[in-house]
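Student: let me see the structure of the following:
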Amino acid sequence: MINRAGLGIACALGAAALYGFVPNFARGAFENGVPPVETTFFRTTIVAILLSSLAIFRGERFFIPLAGLPSFTGQAAATLIISVSYLASIAFIPVGLAVIIFFSFPVLIMLAAPLIEGHSPGWRRILIALFAFAGLAVAVGPSFESLDGRGLALAAASAFACVLQFFTGRAISKHMTPAALGGLVHIAIWPATLFIALYLGGGALAVLPGGVATSTGYLFVLGIGAFYVVAYFMHMSSLRYAPASVVAPYYNLEPVVTTAVAGFLLGERLAINQYVGGGMVLAALLLSSFYGFRKTAA
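Tutor: Coordinates of the predicted model:
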């Protein structure tokens, strides 16, 4: 029988794989008239509706106990920062560099785990996380000749926000189910995403009648909502079953999936460094799986 840690790892792998489709769908939406910030807004809307509906259908309570309010607030703030700042950073620095900085979050989680969870992650797990991070660096092969402080700050903010999202997700999962939590979190950040989209769009939305969005753009936005809602549900479920330090390394699968899907969906050809880096990440996942099961079994 699979233990709770095994279920957490399975959910993490599923979430990472689905998350990997989202940037490619966002690129497709952008090429068809939908700005990234509007994609974030409509994704938030779809997730809020679907997860809240699921929670209502299952008879789950939309109640945040006083003890869970700080972690819920942190979860909402982290989700908003990730949704907006990660995409915004790409406007100032190369995409590869933004990815490298953002996907430092598993390493950051490994380093923060002793303080947050009251234990030591162990030198083997830290080395595995660092090896996975090195694989990401090889896979994306960023160009460092043009660095903008604004882009670096935004990408770093999204990485630290992801750390906050993991630990607060683990904490609030003791009080709320994934569907109710996800629904309330996205309802909470919905006004902020609308304000940002309107502000950057000059008071108008491209997806409304009279805008420049095409029917294909609408389909990509719907695809983003569908994939993201399942990924976020599995993400929160993984933290319900296992600590953040256990499941975090498995999210390194996300950029590997993103790169592979880009090749099939957008016709982007993979370079040799991407194959090598992807192989390093997958090797790190296998090592982490073996070590994690030994440490957390039963």
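Student: just the element for residue 197, please.
Tutor: Secondary structure assigned from DSSP states H and E places residue 197 in helix 178-200.
Student: average pLDDT across the host helix or strand of residue 125?
Tutor: Element membership for residue 125 (DSSP H and E) is helix 123-140. The average pLDDT for helix 123-140 rounds to 78.
Student: list the buried residues of it.
Tutor: 125-126, 128-129, 131-133, 135-140 (16 or more other CB atoms under 10 Å). Yep, even glycine has a C-beta here, placed from its N, CA and C like the rest.
Student: got it, and stretch 72-81?
Tutor: Buried residues in stretch 72-81, counted by 16+ other CB under 10 Å: 72, 74, 75, 76, 77, 78, 79, 80, 81.
Student: just want the most central residue of the chain.
Tutor: Centroid-nearest residue in the chain, with CA atoms, centre = their mean: residue 19, separated by 6.3 Å.
Student: tell me the contacts of that one?
Tutor: Contact analysis of residue 19 by CB atoms under 8 Å, 6 or more residues apart in numbering lists 227, 228, 231, 235, 251, 254, 257.
Student: rerun that using 7 Å as the cut-off
Tutor: 231, 254 (CB atoms under 7 Å, 6 or more residues apart in numbering).
Student: got it, and residue 217?
Tutor: Going by CB under 7 Å, 6+ apart, residue 217 touches 29, 32, 33, 34.
Student: now for those: which two are most distant?
Tutor: Greatest spacing in those, by CB to CB: 29 and 33 (7.9 Å).
Student: who's more crowded, those two?
Tutor: residue 29 (29 against 18; other CB atoms under 10 Å).
Student: surely that one touches residue 221?
Tutor: Yes: assessed by CB atoms under 7 Å, residue 29 is found in contact with residue 221 at 5.3 Å.
Student: the closest residue to residue 254 other than its chain neighbours: which element?
Tutor: Closest residue in space to residue 254, ignoring its immediate chain neighbours: residue 16 at 4.2 Å, by CB to CB, 6 or more residues apart in numbering. If you go by DSSP H and E, residue 16 is part of helix 4-19.
Student: now the very next helix or strand once past that helix: mean pLDDT?
Tutor: The helix or strand immediately downstream of helix 4-19 is helix 22-30, counting by DSSP H and E. Over the span of helix 22-30, the pLDDT mean works out to 83.
Student: fine by me, thanks again.
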